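Chemist: Sharing a model that was predicted from the sequence below.
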Amino acid sequence: MRFFSRCFPGNAGPFGKQVFSHRQFFLIQALTSHASMAYPTSVINAFDNSQDSSTETALILIRHGESLWNEKNLFTGCVDVPLTKRGVEEAIEAGKRISYIPVDIIYTSALIRAQMTAMLAMTQHRHKKVPIIIHNESEQAQTWTGIFSEETKKQSIPVITAWQLNERMYGELQGFNKRETAERVGKEQVHEWRRSYDVRPPGGESLEMCSQRAVAYFKDCIEPQLKSGKHVMVAAHANSLRSIIKYLDRLTSQEVISLELSTGIPLLYIYKDGTFIKRGSPVGPTEAGVYAYTKSLALYRQKLDEMSH
Ligand SMILES: O=C(O)[C@@H](CO)OP(=O)(O)O
């Protein structure tokens, strides 16, 4: 049961007090293990490779679009702030960039800026499936969010929310202006709090502490999905994603200091034979280079194109 309790929404943690039930598990299984009835078999095969664990799978990482506190230059951490208009546009643009890359399951943090980003990005996707947030707050939430049409389930993508993917908790800095804080306590101190690997901001999490929960979640819950043939998108935050990228790219704690992630830029990895191959950021939906590296992605794109003609 370890996989279940750690990997489904509502797992114990600062942002979840729910418990996992078997019903939840079966719902997610149903949502992720289907083939589309509405598409020709060849298309289904092109992106439903969940039976073949040797297949390459796509992992898209995306930092949320600009938030209202990014705009104001405030330490945000786990404060649940929505996107700005520009953030909304960034998320839509990101969606265009990945609109031909298969997505079978989405993970987001428990915070609205990551969830908005994932949902807005999916409005641009060519497969037109509906991303649906899996609710597990209570037995009632599970029952009341039930989907009873198999056909409709097949046209859905489960969205799993996990507090472990949240932004690093910034402690007593949350809500303060970054520039003003630097003027008060010194630029070096603020830089150390923001970018060092193991120094904690007052009352908050160091990047190392953030890594411990984010990478553990990635290894326990997301990697098994990729391994089983699912294409995964993760919408999260600067520091939870820096932690995950440190793990994927095997960066040292020194190297991760200079890793900066822009808002709303998708990053693509291919998972194959237990390793992650970095593919950078797809620049545009029709960029040939993005699809050149794996046959299955190229085939997927070709089929989507054929469907729309
Ligand atoms: O304020 C925050 O939560 C983060 C991300 O915006 O800031 P920083 O770049 O300092 O880690």
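Modeler: Ah, there it is.
Chemist: what does the stretch 51-200 of the chain have sitting close to the ligand?
Modeler: Residues of the stretch 51-200 of the chain found near the ligand (CB under 6 Å from any ligand atom) are 70, 75-77, 167, 170, 194. In short, each C-beta sits where N, CA and C put it, glycine included.
Chemist: Could you rerun that using 5 Å?
Modeler: Within the stretch 51-200 of the chain, the positions near the ligand by CB under 5 Å from any ligand atom are 75-77, 167, 194.
Chemist: Just the closest of those to Ser240, please.
Modeler: If you rank these by distance to Ser240 using CB to CB, Glu167 comes first, at 6.3 Å.
Chemist: For the nearest residue to Ile60 once chain neighbours are set aside, list each beta-bridge partner.
Modeler: Distance criterion CB to CB, 6 or more residues apart in numbering; nearest residue to Ile60, sequence neighbours excluded, is Met233 at 4.3 Å. Met233 forms beta bridges with Ile60, Ile106, as assigned by DSSP bridges.
Chemist: Let me see the contact set for the closest residue to the ligand within the stretch 201-309 of the chain.
Modeler: Residue nearest to the ligand within the stretch 201-309 of the chain (CB to the nearest ligand atom): Ala238, separated by 4.2 Å. The neighbourhood of Ala238, defined by CB atoms under 8 Å, 6 or more residues apart in numbering, consists of 63, 167, 260-261.
Chemist: Now for those residues: which two are most distant?
Modeler: Comparing every pair within the contacts of Ala238 by CB to CB identifies Glu167 and Glu260 as the most remote, at 14.7 Å.
Chemist: Comparing these two, which residue is more hemmed in?
Modeler: Neighbour totals were compared for Glu167 and Glu260, and Glu167 leads with 29 against 8 (other CB atoms under 10 Å).
Chemist: The more buried one and Gln189, how far apart?
Modeler: Going from Glu167 to Gln189 by CB to CB, to the nearest Å gives 20 Å.
Chemist: same deal with Gln174?
Modeler: 17 Å.
Chemist: Ok, Thr181 next?
Modeler: Relative to Gln189, Thr181 is positioned 9 Å away (CB to CB).
Chemist: Ok, Met119 next?
Modeler: To Gln189, Met119 is 37 Å away according to CB to CB.
Chemist: One more: Lys72?
Modeler: Lys72 is 21 Å from Gln189, by CB to CB.
Chemist: Please apply the same query to Thr108.
Modeler: Distance, Thr108 to Gln189, using CB to CB: 32 Å.
Chemist: Repeat that for Asn166.
Modeler: 24 Å.
Chemist: okay, these two: which has more neighbours?
Modeler: The neighbour count for Asn166 versus Gln189, taken as other CB under 10 Å, is higher for Asn166 (27 against 14).
Chemist: Just give the number of residues close to the closest residue to the more buried one other than its chain neighbours.
Modeler: Nearest residue to Asn166 in three dimensions, chain neighbours excluded: Ser109, at 4.5 Å (CB to CB, 6+ apart). Neighbours of Ser109 under the rule other CB under 10 Å: 28.
Chemist: just Val190 next, same as before
Modeler: Residues near Val190, counting by other CB under 10 Å: 21.
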